[in-house]
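> give me the fold of what follows.
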Amino acid sequence: MTDYIIAIDQGTTSTRAIVFDHAGSIVSQGQLEHKQIFPKAGWVEHDPKEIWDNTREVIGQALSRANITRHNVRAVGITNQRETTVVWDKNTGEPVYNAIVWQDTRTQDIVDRLAADGGVERFKDIVGLPLSTYFAGTKIVWILENVEGAREKAEAGELLFGTTDSWVTWNLTGGVDGGVHITDVTNASRTLFMDLTTLTWRDDILEVFGVPKSMLPEIKSSSEVYGTVHTSSLLREVPVAGILGDQQAATFGQAAFDAGESKNTYGTGNFLIFNTGTEIVHSKNGLLTTLGYRLGDDVPHYALEGSIAVTGSLVQWLRDNLGLIASAPEIEELAASVDDNGGAYFVPAFSGLFAPYWRSDARGALVGLTRFVNKGHIAPAALEATAFQTKEVLDAVDADSGVPLTELKVDGGMIANNLLMQFQADILGVPVVRPVVAETTALGAAYAAGLAVGFWANLDELRANWQEDSRWEPKMDEAERARLYRNWKKAVTKTFDWVDGDVN
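Residues are numbered from 1 along each chain as shown. The predicted model follows:
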């Protein structure tokens, strides 16, 4: 009987279940999108119950399409949108509020309040992160302060918090019937509450935030058996054995296990992870210090991360809000209809600017417009925004690490866009490399789970699975590269200081 690993990829726009074989190849998958809820400008929410319902359904889809049962599945791995925050009643399993998504900016007042004593880098040396609306900590505070009865229930030990890995794991392992309330080190490192050195929750920081410790999940490694799937599931009694936040999972799936190795994921946003090995490197150039992974009781591996809020979601915005295209892939055809961007630059600071600026006061801007610019020029401007933002993050990585980039491994949905990948190579001046298995996020979660149960023996076995699919070499001359980047940097400055007391 052939065995497999199944990975649950709970992402920002959809939930997927993917069955992988021993070669790391996709056997089958199921996928369902969930609603994006925008109650107010800057607010982004998901329905946690819809996410859990979709998770159960996509597991069934993946199993049936592979024509296998739970008896063929050695373990389940989970990967997830990291900072998205769910708070639920441990006795009923009911969320007290919608999930507040990582892109949500409603907690800026809470950030300002916490930063009044020590600035936004108040806890950065301990947790690796600046105070920001991006991370889970301020989202928990908002729920406790704004949902009726939540503070009292939390103080009484009746509420649980988790990023979506914890929510899925708790439900998968039984929910109110003995569900396991855990998270892994990578997700814990995105809360503002975990000490990077000890890998434990910091009581003093929790006290400052006013978050009861009883709400928090137990911190585990990224690869160990946490429990088994509940008997009510199609995967009953299968071990749940791996959890990695989505960007760390993609890095793991790219086999970037060692110091100096990196990857860039092109999804709703872009996320570059640079592995610093067992050393904690504190950025001086706007990057985050985060956990890369931890396998069982082994020493943890750390990383620098450059997080970009809006890349693929800009293409979705052009489709859904402006009707410029009917489907996301059409952006490439529209961009190819013109010779260049016509002098237009699009800075998509819809949720402020993340790395390397961390400017919550920024908002999106389309600049350099003349009567010559048409909708065709908007398309390359939107794609180029992704590449320019990636270059800014990589410049910061070079400055922090002192290790110049020689090539960039890429993954995520946007890497199917050949025009974007060529421009990325051109603006970086280094090759861009796409692997055969582009679903590296789910693959990384599968690898973590498979290692825990002996499905794969070691990291060398995983390295041997990685194969190159496509490579783009830079073709742009240095003067043109410098000109375009100079104009981009100028465009970015036009987004600053937009939000004030009267503007959201």
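> pass me the low-pLDDT residue ranges in the stretch 401-504 of the chain, would you?
For the stretch 401-504 of the chain, the stretches with pLDDT under 70 are 501-504.
> helix or strand for Gly471, which one?
Just so we're on the same page, residue 471 is Arg rather than Gly. Element membership of Arg471, judged by DSSP states H and E, is strand 468-472.
> one more: Leu383?
Here Leu383 is assigned to helix 375-401, by DSSP H and E.
> helices or strands up against the helix or strand just after that helix?
Downstream of helix 375-401, the first helix or strand assigned by DSSP H and E is strand 408-411. Here strand 408-411 touches strand 262-266, helix 418-428, strand 432-435, going by 3 or more CB pairs under 8 Å, 6 or more residues apart in numbering; DSSP states H and E. Bear in mind the C-beta positions are built from the backbone N, C-alpha and C, glycine included.
> please repeat the previous calculation with a cut-off of 10 Å.
In terms of contacts (3 or more CB pairs under 10 Å, 6 or more residues apart in numbering; DSSP states H and E), strand 408-411 is packed against helix 246-253, strand 262-266, strand 270-277, helix 375-401, helix 418-428, strand 432-435, helix 440-452, strand 468-472.
> might you report the residue contacts of the nearest residue to Gly352 once chain neighbours are set aside?
The shortest distance from Gly352 to any non-neighbouring residue, by CB to CB, 6 or more residues apart in numbering, is to Ser360 (4.1 Å). Counting by CB atoms under 10 Å, 6 or more residues apart in numbering, Ser360 touches 42, 105, 107-108, 111-112, 120, 131-134, 349, 351-354, 499.
> helix/strand/coil for Glu333?
Secondary structure state of Glu333, per DSSP: H, G, I helix; E, B strand; the rest coil, is helix.
> go on, Ala362?
coil.
> neighbours of it, how many?
Around Ala362 there are 24 other residues, counting by other CB atoms under 10 Å.
> Val433 now?
Neighbours of Val433 under the rule other CB under 10 Å: 19.
> I figured it hits Ala256, correct?
No: judged on CB atoms under 10 Å, Val433 makes no contact with Ala256 at a distance of 11.6 Å.
> my read: Ile37 touches Val101, true?
Yes: between Ile37 and Val101 there is a contact under CB under 10 Å: 8.6 Å.
> quick one: contacts for Val58?
Counting by CB under 10 Å, 6+ apart, Val58 touches 6, 8-10, 14-18, 29-32.
> how far away is it from Lys124?
According to CB to CB, to the nearest Å, Val58 and Lys124 sit 37 Å apart.
> same thing with Ile280?
Counting by CB to CB, the gap from Ile280 to Lys124 is 12 Å.
> what do you get for Asn374?
As judged by CB to CB, Asn374 and Lys124 stand 45 Å apart.
> tell me which of these two has more neighbours.
Set Asn374 next to Lys124 and count neighbours by other CB under 10 Å: Lys124 wins out with 18 against 12.
> ok, so what distance separates the more buried one from Ala41?
Using CB to CB, Lys124 is found at 28 Å from Ala41.
> what of Thr55?
30 Å.
> that older thread, which of the helices and strands packed on strand 408-411 sits closest to Lys489?
helix 375-401 (8.1 Å; CB to CB).
> the closest one to strand 270-277, inter-axis angle?
20 degrees (axes from the mean of the first three to the mean of the last three CA atoms, to 10 degrees).
> centre of the chain to helix 375-401, how far?
Relative to the centre of its chain, helix 375-401 is centred 18 Å away, using CA atoms, centre = their mean, to the nearest Å.
> kindly report the same for stretch 293-302.
So, by CA atoms, centre = their mean, the centroid of stretch 293-302 is 20 Å from its chain's centroid.
> do the same with stretch 329-337
26 Å.
> buried stuff in it?
Within stretch 329-337, the residues that count as buried by 16 or more other CB atoms under 10 Å are Ile331, Glu332, Leu334, Ala335.
> which one of those is nearest to Thr164?
Distances from Thr164 to these, taken by CB to CB, are shortest for Ile331, at 27.8 Å.
> the helices in the stretch 1-150 of the chain, which residues?
Counting by DSSP state H, counting those that start in this stretch, the stretch 1-150 of the chain has these helices, from start to end: 48-66, 108-115, 124-127, 136-146, 150-155.
> how about these in CSV, adding distance to Glu473 and mean pLDDT?
CSV is the format used below for the helices of the stretch 1-150 of the chain (distance: least, CB to CB, whole Å; pLDDT from 0 to 100):
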stretch, distance to Glu473, mean pLDDT
helix 48-66, 37, 97
helix 108-115, 42, 94
helix 124-127, 38, 95
helix 136-146, 40, 98
helix 150-155, 54, 97
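> figure out which of those helices is closest to Glu407.
Checking the helices of the stretch 1-150 of the chain against Glu407 by CB to CB gives helix 124-127 as the closest, at 30.2 Å.
> flag every buried residue along that closest one.
Neighbour counts over helix 124-127 (16+ other CB under 10 Å) mark Lys124, Ile126, Val127 as buried.
> in JSON lines, list these along with distance to Tyr266.
Output for the buried residues of helix 124-127, formatted as JSON lines (distance: CB to CB, whole Å):
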{"residue": "Lys124", "distance to Tyr266": "27"}
{"residue": "Ile126", "distance to Tyr266": "31"}
{"residue": "Val127", "distance to Tyr266": "27"}
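> so the residue located most distally from the centre of the chain, which of the three states?
Relative to the centre of the chain, the most outlying C-alpha is that of Arg371, 38.1 Å out, by CA atoms, centre = their mean. Following three-state DSSP, Arg371 is assigned to coil.
> tell me how far it lies from Ala379.
18 Å.
> now Ser327
13 Å.
> can you map out the strands along the stretch 151-300 of the chain?
159-163, 182-184, 218-220, 223-228, 239-245, 262-266, 270-277, 288-293 (DSSP state E, counting those that start in this stretch).
> show me what the longest one pairs with in its sheet, parallel or antiparallel.
Here strand 270-277 is paired, per DSSP bridges, with strand 262-266 (antiparallel), strand 301-308 (antiparallel).
> is it possible to get a markdown table of the ones you listed that adds distance to Lys90?
Formatted as a markdown table, the strands paired with strand 270-277 follow (distance: least, CB to CB, whole Å):
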| stretch | distance to Lys90 |
| --- | --- |
| strand 262-266 | 33 |
| strand 301-308 | 31 |
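> distance to Thr2, mean pLDDT and mean neighbour count added to those strands, as CSV?
As requested, those are arranged in CSV below (distance: least, CB to CB, whole Å; pLDDT from 0 to 100; neighbours: other CB atoms under 10 Å):
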stretch, distance to Thr2, mean pLDDT, mean neighbour count
strand 262-266, 29, 89, 26
strand 301-308, 31, 91, 26
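> quick one: closest of the ones you listed to Tyr485.
Among those, strand 301-308 comes nearest to Tyr485, with 15.7 Å by CB to CB.
> tell me how far that closest one is from the chain's mean position?
Offset of strand 301-308 from its chain centre (CA atoms, centre = their mean): 11 Å.
> could you give the angle of it to strand 288-293?
Using the same axes, to 10 degrees: strand 301-308 against strand 288-293 is 130 degrees.
> for the helix or strand following strand 301-308, packing partners?
Using DSSP H and E, the helix or strand that follows strand 301-308 in sequence is helix 312-320. Where contact means 3+ CB pairs under 10 Å, 6+ apart, helix 312-320 is packed against helix 330-336, strand 345-347, helix 375-401.
> the longest one: which residues count as buried?
For helix 375-401, a neighbour-count test (16+ other CB under 10 Å) marks 376-397, 400-401 as buried.
> distance to Ala491 added to the helices and strands packed on helix 312-320, as a markdown table?
Listed next are those as a markdown table, based on distance: least, CB to CB, whole Å:
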| stretch | distance to Ala491 |
| --- | --- |
| helix 330-336 | 18 |
| strand 345-347 | 4 |
| helix 375-401 | 9 |
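> point out where the stretch 1-150 of the chain drops to low pLDDT.
When residues are selected by pLDDT under 70, those of the stretch 1-150 of the chain lie in 1.
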